[in-house]
Each structure stands twice: as structure tokens, then as C-alpha cells.
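Novice: my questions are about this predicted structure, shown below with the sequence.
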Amino acid sequence: MAFTSQSLIFRAPASLPSGRLAASSAGRVVLRGRAAAFPSVAVASTSMASSDGDEKKETKLWGGRFEEGVTDAVERFTESISYDWQLYKYDIMGSKAHASMLASQGLITAGDRDIILEGLDQIERLIQEGKFEWRKDREDVHMNIEAALIERVGEPAKKLHTARSRNDQIVTDLRLWCRDAIDKILIRIKQLQVSLVMLASKYVDLIVPGYTHLQRAQPVLLPHLLLSYVEQLERDAGRLVNCRERNLKFTAPMKNSIDAVSDRDFVLEFLAANSIAAVHLSRIGEEWVLWASEEFGFLTPSDKVSTGSSIMPQKKNPDPMELVRGKSARVVGDLMTVLTLCKGLPQAYNRDLQEDKEPLFDSVKAILGMLEVCTEFAQNISFNSKRIQSSLPAGYLDATTLADYLVKKGVPFRTSHEIVGRSVALCVSKNCQLAELQLDDLKAVHPVFEADVYEYLGVENAVNKFISYGSTGSNQVKKQLEDWRIQLGISS
Ligand SMILES: N/C(=N\CCC[C@H](N)C(=O)O)N[C@@H](CC(=O)O)C(=O)O
């Protein structure tokens, strides 16, 4: 039975069917982990039954003052190796730096340092090859690696824990892990931005209805809408870069050792940045699910990014984007978990903090998947230009442009709003569009209307009237599209 690393949960019953998962009668288990990303992990028993049937338990690294071992339930409850083994690379990195520091301070010899460094290299290789025994009775990644090092190189390894605690180790490991995770997310954000800009480039002139309150508002160019996602993603990336810069640079020691081991604000900042990004992705997901519906019919996802129904043969569902929307819930939930976790803790380290890792890992796994799937979706959808164009006459999308026309004629905006409102009411009664009203009809609403009014009516005219910075005007949108292509390194 294989577990995926992100939600590695031990459910080891007393007797197990067969294969790669087994547990001792006492439920003690050993993990054999592989270093590939999210490996499957086999669990096997290491408990050694003595001739009279009693179990001999290894003395804990902290066991000097204890006369009895912990109960199996406590061991199962307190272990974190089932998920924190993923930190092994960073734990070894930190231990190497620590050994070098001990040697440079004269606390261990250069010879001992070299033995430790070599031993840690060997352990890292074993882990990467999937040959390392992760032992639940050794609690966590730190004590698994330290105990294995002692087994491997003996006395020098017993000096490694001088002047450090696991409290220092875990926070160092986590910071290093977060730094790499942020870098991976930043790459995926850029990939999505590139896909959106490429998509926008295919539809430079396509006008779509703009909505507020999900009611038709004003006409906009499709690339304007798609670039709004790109802008939001850019801020998401900025928040992550900011978090990395403030918390994860490793250019100087932390100034206060209590603060160093106490706080998880860097985790919170990271989870908060992820949550905002996830909410942005969720909104894209919602928009595209809506636009893919029969009722809108504005976009069609290719088969590669759609799924079917087990009962209704005709169906083609946009499940990936629904799940983007759905997974945003867990990313936000992960932030809530760690916020709640931290709120009642006195300084300094408290074991509660062990509970920060699963939400952190979960959030990163979710956001990476969401970004990847959004990118693939953007690469595999087409907008249905004909359907969109045929829908544009509905909803009086040019009404605000008509109000602007009256402003140009010297009518105060509030008055012009009222005049256009009456014009729309006339259209409703005649069941026609604004552009279909005769000039006499318009003049009957207000005498200021002249023949040039028709240059403002219709969605093309309305879009063309936009010229200001950031608007949906064609020149603006083309310029911004070009700016993004340059910024993202997309060749023309
Ligand atoms: N138990 C403990 N820290 C465990 C940190 C690692 C833990 N698996 C976690 O993930 O937070 N603190 C001890 C020190 C130690 O065990 O190194 C203490 O402060 O008394």
C-alpha cells in the first residue's frame, strides 16, 4: 500500500494484508522513503520481539532521565516523520552548516567535522535512492537523521547536537523549504501569465460584454479582461517575492534567539500570499466555468481539459476549473489552521508548532496544481467569437457611452444619465436597441441629440471611444499586450 507524501497518514492496523505495508503488533512502523517528489512510501515493522514476547524499544536520543518508554498511542500521536521526512534535504543542509560552525568555533575537530559531513552525504544518498529506513519511533526527521548518523559514523556524530535543539532545526528546515517552494510557485505563476498573454494575443479585436453584478455593463475587449488576470497574478508573485525577501534570505543570523524559534509568521505570510493567489485563481475558474455553460456559450474547452459524465453521455464538464475553485477552499483553510494554531502560544517553541507542516505542504501542493491546471486550460480553450458577437446587442452595453456623448454636448452627467435612462426605457417599450432608435425618437427624449449620436452607438463605437490609460480602448490594450509580451519574454 503506497501513501502519497502530502497526506501521509498512518493507519497501520495490527495485521495488514501483505506487501509493502506492515506493522508490529504494537503498531510501531518504519518508513522507507524515496526522495523523488511525492514518492510512495513503504511502511515496514522494525519492532524486535524478545524471546518472552516483550518488545525491546530503542532508547530515545532524549531518553536519559526516563525509566519507561512512551506508550504506543503517544508514539503514534507525537510522531511527525510520516510527513516531515520531506524536509530531509534541508535538515542535512542545516546540519552540515552546524558542523562547520562547531569546527570553526573549536568545539569539534576538523576531522570530526569531515566525518560528519561525509556521513550526512551518505545518508542523503541513501534517502534519495529510497534505501533509508525512516523510523517512527525516532519521532521526526531530525532524530531519524541524527540517530542514523550515529549508527553510521559513531562518536563524532554524537557531538553534532552541541549548541542546538530541534527547535532550531525545524525552523531552519522550514524556512529553507519555504524558499524553494516559493521559487517553484513563482515559475508556475509566470507560466500561467505567459499562457494568458498568448491567449489574449489571439483575440485582440474580440469585444465581449463586461459585467458588474453579473449584469451586462459596458463592452470590453477580451484581451483587456484576460490581462486583468495577468495583473492580479503579478501582484500575487510580488507578495511571494516580498515574503521570500523579508523572511528567507539567510544573509544574517536572526537577532533574537527566542524570536527565531517561536514564530511562524513567515509560514503565515506565505500561506496568506498563497490564499490570495488561490482566490484569484478561483475567480478565473468561476468565470470560465460560467462562460463554458450552454447559457453563456462563450468558450469551449478542448477535450484534453474536460471530463465526462458517468450517466449523461452528452456531457462535457469543465471539472479542472471547478476543482481550481474547490481547492482554493483548502488553501484558505490551511491559512486559517496555522493562524489558529499560533494564536494561543506563549514564547518560545511549543509542540503545537509541529502542526504547521501539513497545512503548509498542503497549501503548496494545491497552489502548484491549481496554477498548472489553469495554465493548461488557458492553452486549451477557444472563445466562440460568433456566439459572443451575436449576443452583444443585448443589454444596452453602449448606454454609458451615450451618456458620455451628452456630457460632450455640455449636459451635466447626472442629467445625461437620466436622459439615457429614459432612452433605454423607450427601447424597452419598442423592443429595440439604442442604435435602432430614430433621431426623432431621441430628440423627443431630449433635443440635444444630433445626427452624430450614431458615432457613439453600437459596441464597436463604444469601445473605440475609450482612450484613457488602463481602459479597454484598442490602442491601450494593444500597448499593454505588447508591454506584457516584453516583460514576460514572449517573442512576437
Ligand atoms: N521537542 C522539541 N522540539 C521538537 C521540534 C520538532 C518537531 N517535530 C516539530 O515539527 O516542531 N523541543 C524540545 C527540544 C528538542 O527536543 O530539541 C524542547 O524545547 O524541550
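Specialist: Nice, I can see it.
Novice: residue 290 contacts residue 296, doesn't it?
Specialist: Yes: using Cβ atoms under 8 Å, residue 290 and residue 296 qualify as a contacting pair, with a distance of 5.8 Å. For glycine as for every other residue, the C-beta is placed from the backbone atoms N, C-alpha and C.
Novice: so how far is stretch 282-299 from its chain's centroid?
Specialist: Stretch 282-299 has its C-alpha centroid displaced from the chain centroid by 21 Å (Cα atoms, centre = their mean, to the nearest Å).
Novice: and the stretch 51-200 of the chain, which residues reach the ligand?
Specialist: Taking Cβ under 6 Å from any ligand atom as the contact definition, the stretch 51-200 of the chain meets the ligand at 80, 84, 140, 165, 166, 167, 170.
Novice: for the most centrally placed residue in the chain, give me its contacts.
Specialist: For the chain, the residue lying nearest the average C-alpha position, counting by Cα atoms, centre = their mean, turns out to be residue 367 (2.2 Å). With contact set as Cβ atoms under 8 Å, 6 or more residues apart in numbering, residue 367 has these partners: 185, 188, 274, 277, 278, 281, 331.
Novice: thinking the second one is in contact with residue 371, fair?
Specialist: Yes: if you go by Cβ under 8 Å, residue 188 and residue 371 touch, sitting 3.7 Å apart.
Novice: higher neighbour count, these two?
Specialist: Set side by side, residue 188 and residue 371 give different neighbour counts by other Cβ atoms under 10 Å, the larger being at residue 371 (25 against 20).
Novice: for the helix or strand harbouring the more buried one, which positions count as buried?
Specialist: Using DSSP states H and E, residue 371 maps to helix 357-379. For helix 357-379, the neighbour count (16 or more other Cβ atoms under 10 Å) marks 357-368, 370-371, 373-379 as buried.
Novice: what's the following helix or strand after the longest helix anywhere in the chain?
Specialist: If you go by DSSP state H, the chain has its longest helix at helix 166-202. Proceeding C-terminally, helix 166-202 gives way to strand 207-212 as the next helix or strand, assigned by DSSP H and E.
Novice: so which elements touch that following strand?
Specialist: Counting contacts by 3 or more Cβ pairs under 8 Å, 6 or more residues apart in numbering; DSSP states H and E, the secondary-structure elements packed against strand 207-212 are strand 215-221, helix 222-247, helix 385-391, helix 459-464.
Novice: which one of those lies closest to the ligand?
Specialist: Of all these, it is helix 222-247 that lies closest to the ligand, at 17.5 Å by Cβ to the nearest ligand atom.
Novice: next SSE downstream of that closest one?
Specialist: Going down the chain from helix 222-247, the next helix or strand is helix 257-262, by DSSP H and E.
Novice: please state the offset of the helix or strand that that following helix is followed by from the chain centre?
Specialist: Past helix 257-262, further along toward the C-terminus, the next helix or strand under DSSP H and E is helix 265-291. On the basis of Cα atoms, centre = their mean, helix 265-291 is displaced by 7 Å from the centre of the chain it belongs to.
Novice: the helix or strand following helix 265-291 pairs with which strands, parallel or anti?
Specialist: On the C-terminal side of helix 265-291, the closest following helix or strand by DSSP H and E is strand 299-301. Partner strands for strand 299-301, per DSSP bridges, with pairing direction: strand 381-383 (antiparallel).
Novice: contacts for the strand it pairs with?
Specialist: Around strand 381-383, the neighbours that count as contacts under Cβ under 8 Å, 6+ apart are 199, 203, 206, 208, 222, 288, 292, 298-302, 305.
Novice: ok, now stretch 248-257?
Specialist: Contacts to stretch 248-257, defined as Cβ under 8 Å, 6+ apart, come from residues 175, 176, 178, 179, 182, 260, 266.
Novice: a markdown table for the residues you listed, including distance to residue 488 and pLDDT?
Specialist: What follows is the contacts of stretch 248-257, written out as a markdown table (distance: Cβ to Cβ, whole Å; pLDDT from 0 to 100):
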| residue | distance to residue 488 | pLDDT |
| --- | --- | --- |
| 175 | 29 | 98 |
| 176 | 28 | 98 |
| 178 | 25 | 98 |
| 179 | 23 | 98 |
| 182 | 19 | 98 |
| 260 | 38 | 96 |
| 266 | 28 | 98 |
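Novice: out of these, what pair is the most spread apart?
Specialist: Taking Cβ to Cβ as the measure, those reach their widest spread between 182 and 260, a distance of 19.7 Å.
Novice: neighbour-wise, which of these two wins?
Specialist: Of the pair residue 182 and residue 260, residue 182 is the one with more neighbours under other Cβ under 10 Å, namely 23 against 17.
Novice: just checking, the more buried one touches residue 244?
Specialist: Yes: under the criterion of Cβ under 8 Å, residue 182 is in contact with residue 244, at a separation of 4.8 Å.
Novice: distance of residue 458 relative to the ligand?
Specialist: As for residue 458, its distance to the ligand is 64 Å (criterion: Cβ to the nearest ligand atom, to the nearest Å).
Novice: residues contacting that residue?
Specialist: Each residue near residue 458 by Cβ under 8 Å, 6+ apart is listed here: 398, 435.
Novice: kindly recompute the last result at 10 Å.
Specialist: Contact partners of residue 458, counting by Cβ atoms under 10 Å, 6 or more residues apart in numbering, are 219, 392, 393, 397, 398, 401, 433, 434, 435, 436, 464.
Novice: point out the ones among those that are inside helices.
Specialist: Using DSSP H, the members of those that fall within helices are 401, 464.
Novice: setting aside sequence neighbours, what's the nearest residue to residue 191?
Specialist: residue 375 (5.0 Å; Cβ to Cβ, 6 or more residues apart in numbering).
Novice: for the stretch 251-400 of the chain, what lies in contact range of the ligand?
Specialist: By Cβ under 6 Å from any ligand atom, the residues of the stretch 251-400 of the chain that approach the ligand are 349, 351, 353, 354.
Novice: try 5 Å this time
Specialist: Proximity of the stretch 251-400 of the chain to the ligand, by Cβ under 5 Å from any ligand atom, involves residues 353, 354.
Novice: for the residue of the stretch 251-400 of the chain found nearest the ligand, the count of nearby residues, please.
Specialist: Nearest to the ligand in the stretch 251-400 of the chain, going by Cβ to the nearest ligand atom, is residue 354, at a distance of 3.7 Å. Look at residue 354: counted by other Cβ under 10 Å, it has 19 neighbours.
Novice: for the closest residue in space to it that isn't next to it in sequence, phi and psi?
Specialist: Closest residue in space to residue 354, ignoring its immediate chain neighbours: residue 80 at 5.1 Å, by Cβ to Cβ, 6+ apart. The phi and psi torsions at residue 80 (degrees, to the nearest 10) take the values phi -130, psi 0.
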